[in-house]
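Trainee: next comes the sequence, and after it the predicted model I'd like to discuss.
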Amino acid sequence: MQLANYYRALLAQLPSLAVEADRVQVLHSASAFRQRLLELIAAAQTRICLVALYLQDDEAGREVLTALYQAKQANPALDVRLYVDFHRAQRGLIGHQGQGGNHLMYREFAERYPHPIAIHGVPVKGREILGVLHLKGFVFDDVVLYSGASLNDIYLHRQDRYRFDRYHQITDAGLADSMIDYVDRLFANNPAVPLLNQADIPRARQLRHAIRQFKQQMRRTQYRYPARPRQPGQVAITPLAGLGKLGNRLNRTIRHLLRGTRETLFICTPYFNLPKPLAKDIRSLLRKGVEVTLVIGDKTANDFYIPPEEAFRTIGGLPYLYETNLRRFARANQTFIYQGKLNIMLWRHERNSYHLKGLFVDDDLAMITGNNLNPRAWGLDLENGLLLQDPERLLRERFEAEKANILEHCRRLEHFSEIEELADYPEPVQKLLRRVSRTRANVLLKRLL
């Protein structure tokens, strides 16, 4: 308990914004998120800034982009900016050969409307596999809409399937200003961050020197804001960013959260591949008697899952690789599962997929983030998150309702043997995983996935 108090004291020392508790709202579905997104675009008066991994060329992506352009045409003074990953925007979906990049749609829209909006590509590294833009957060005037979701049909439940995520709306001018200030200082007018809705987009090779300098800027840059002490009826919110393993304030704060847990820890992650420091912290908490709940997507709820009746592609091996990690972890910690101290909850709902991430500590601390809590997020991608400190438990009912919503389609794992093993997998998956294990490629894959 003494150690937990020490790490809680470190969290309490972080500069924060004091936000009225009633201005923190939780949405519970992809369709509600889409509706709120479109409402906020239509209502914005002065500024819109969207930061996402991608905005896809599909019905939902076109719906959002149309709404942004219509808002700009109706109010030419409206500052509308969109930042997406530079590499991701210029290729099609994995497994969809011949599909053009989303930048082609951006260019098409730019030619259609007289009043332009700025769509920028952010190259975190020289190659996509080495790191992507994984910052989250949309700003509409003084409203922040935060989710791990990107912008396409499945994330916005535009068709018959959805990808489940977390969705939060925080109305606070200070928080909105700090998020705008961050992208202004880091992305705006940066030679490494070109426009994507222009005819000639520079290649990554041409930007090599600028990207090298940009990477150092990203490692150093943090959110700035005038700290405001929390008053009764308020919660303290600290926005954090991080890139790389060294000096990463977001990573450090996540570890402080885990180490500051006194009774209960609730973690959501879509891909079970914990960084070694987090796995170590969780084992330590279990030995101390802390109740740990891990909410993970069933392999069939993974983005890359391919049903056995469909043609297998190499990318379809990923869900099985993650499940192998989970089975190994569950087996090593079966005693804690028996004791009720470790709750491994597997999410599965029809043909939908799972993309939740974030943490709840006891009932007074929370992290809202797009960080997948895996080695890639821990060391390669540019990530951010919002730390919420709520000593008066003003958000407890809202967060309990959110957790209940998350757990609605979950089942608790009672024994590690309930998870399939290699011999149970389709033959193409078995061959792939044996080859990966034989070549020791799994060590590298764990860092990149």
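Mentor: The structure has been received and is ready for your questions.
Trainee: in the helix or strand in which residue 181 is found, which residues are buried?
Mentor: With secondary structure defined by DSSP states H and E, residue 181 is part of helix 173-186. Within helix 173-186, the residues that count as buried by 16 or more other CB atoms under 10 Å are 174-180, 182-183, 186. Placement of C-beta: from N, CA and C, glycine included.
Trainee: how about the CA coordinates for it, as CSV?
Mentor: Extracted C-alpha coordinates of helix 173-186, given in CSV (Å, rounded to 0.1, in the frame of the first residue of the first chain):
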residue,chain,number,x,y,z
ALA,A,173,-11.9,25.3,-23.6
GLY,A,174,-8.5,24.8,-21.9
LEU,A,175,-8.3,21.1,-23.0
ALA,A,176,-9.4,22.0,-26.5
ASP,A,177,-6.8,24.8,-26.7
SER,A,178,-4.0,22.6,-25.5
MET,A,179,-4.8,20.0,-28.1
ILE,A,180,-4.9,22.6,-30.9
ASP,A,181,-1.7,24.2,-29.6
TYR,A,182,0.1,20.8,-29.7
VAL,A,183,-0.7,20.1,-33.4
ASP,A,184,0.0,23.8,-34.2
ARG,A,185,3.5,23.6,-32.7
LEU,A,186,4.3,20.1,-34.0
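Trainee: chain center to it, what's the gap?
Mentor: Remark: helix 173-186 is offset 19 Å from the chain centroid, using CA atoms, centre = their mean, to the nearest Å.
Trainee: other residues contacting that helix?
Mentor: Contacts of helix 173-186 with the rest of the structure, by CB atoms under 8 Å, 6 or more residues apart in numbering, involve 17, 19, 47, 49, 51, 81, 83, 137, 139, 141-144, 217-218, 221-226, 228, 237, 239, 241, 386.
Trainee: tell me the secondary structure for the nearest residue to residue 290 once chain neighbours are set aside?
Mentor: Leaving aside its chain neighbours, residue 290 sits nearest to residue 261 (5.4 Å; criterion: CB to CB, 6 or more residues apart in numbering). Secondary structure state of residue 261, per DSSP: H, G, I helix; E, B strand; the rest coil, is coil.
Trainee: give me the distance between residue 261 and residue 375.
Mentor: Counting by CB to CB, to the nearest Å, the gap from residue 261 to residue 375 is 22 Å.
Trainee: circling back to that earlier point, next SSE after the helix holding residue 181?
Mentor: Counting by DSSP H and E, the next helix or strand C-terminal to helix 173-186 is helix 208-220.
Trainee: on that earlier part again, pick the one among the buried residues of helix 173-186 closest to residue 352.
Mentor: residue 179 (29.4 Å; CB to CB).
Trainee: pLDDT wise, what is the closest one at?
Mentor: Per-residue confidence (pLDDT) for residue 179: 98.
Trainee: can you check residue 2 too?
Mentor: Reading off the model, residue 2 has pLDDT 85.
Trainee: ok, residue 99 next?
Mentor: 53.
Trainee: show me this structure divided up by domain.
Mentor: 20-220, 235-448 (automatic domain parsing).
Trainee: right, and the ones you listed - which one's nearest residue 8?
Mentor: domain 235-448 (4.3 Å).
Trainee: quick revisit: residues contacting the residue nearest to residue 290?
Mentor: Taking CB under 8 Å, 6+ apart, we find residue 261 in contact with 4, 285, 290, 361-362.
Trainee: go with 10 Å
Mentor: Residue 261 makes contacts with 4, 7-8, 281-282, 284-285, 288, 290-292, 359-362, 365, as judged by CB atoms under 10 Å, 6 or more residues apart in numbering.
Trainee: those in helices, which ones?
Mentor: Among the contacts of residue 261, the ones falling in helices (DSSP state H) are 4, 7-8, 281-282, 284-285.
Trainee: pLDDT below threshold where in the stretch 201-350 of the chain?
Mentor: The stretch 201-350 of the chain contains no residues with pLDDT under 70.
Trainee: one more pass at 90, please.
Mentor: Within the stretch 201-350 of the chain, the segments meeting pLDDT under 90 span 228, 303, 308-309, 313-315.
Trainee: shouldn't residue 37 be within a strand?
Mentor: No: Residue 37: not assigned to a strand; according to three-state DSSP it is helix.
Trainee: now do it, the pLDDT please.
Mentor: Residue 37 is assigned 98 on the pLDDT scale.
Trainee: show me what the nearest residue to it once chain neighbours are set aside is bridged to.
Mentor: Leaving aside its sequence neighbours, residue 37 sits nearest to residue 145 (CB to CB, 6+ apart; 6.4 Å). Note on residue 145: beta-bridge partners residue 138, residue 169, judged by DSSP bridges.
Trainee: how close does residue 145 get to residue 25?
Mentor: 10 Å.
Trainee: who touches both of these two?
Mentor: The contact lists of residue 145 and residue 25 share 36, 167-171, where a contact means CB under 10 Å, 6+ apart.
Trainee: farthest-apart pair in these, please.
Mentor: Maximum pairwise distance in these, criterion CB to CB, is 14.3 Å, between 167 and 171.
Trainee: the more surrounded of those two?
Mentor: Shown here are residue 167 and residue 171; by other CB atoms under 10 Å, residue 167 has more neighbours (23 against 18).
Trainee: so the more buried one sits against residue 144, correct?
Mentor: No: Residue 167 lies out of contact with residue 144 (CB atoms under 10 Å); the separation is 11.7 Å.
Trainee: strands of the stretch 301-449 of the chain, start to end?
Mentor: Ranges of strands in the stretch 301-449 of the chain, per DSSP state E, counting those that start in this stretch, are 342-347, 353-354, 358-361, 365-369, 383-389, 410-412.
Trainee: quick one: closest of the ones you listed to residue 423.
Mentor: It's strand 342-347; of those, that one is closest to residue 423 (CB to CB) at 20.0 Å.
Trainee: so what does the residue lying farthest from the centre of the chain look like in phi/psi?
Mentor: Taking CA atoms, centre = their mean, the residue of the chain most remote from its mean C-alpha position is residue 114, at 33.9 Å. Per-residue torsions, residue 114: phi -70, psi -40 (degrees, to the nearest 10).
Trainee: where's it relative to residue 76, distance?
Mentor: 9 Å.
Trainee: so, low pLDDT: which residues of the stretch 51-200 of the chain?
Mentor: 91-100, 198-200.
Trainee: run the last query once more with 70
Mentor: Applying pLDDT under 70 to the stretch 51-200 of the chain flags residues 92-100.
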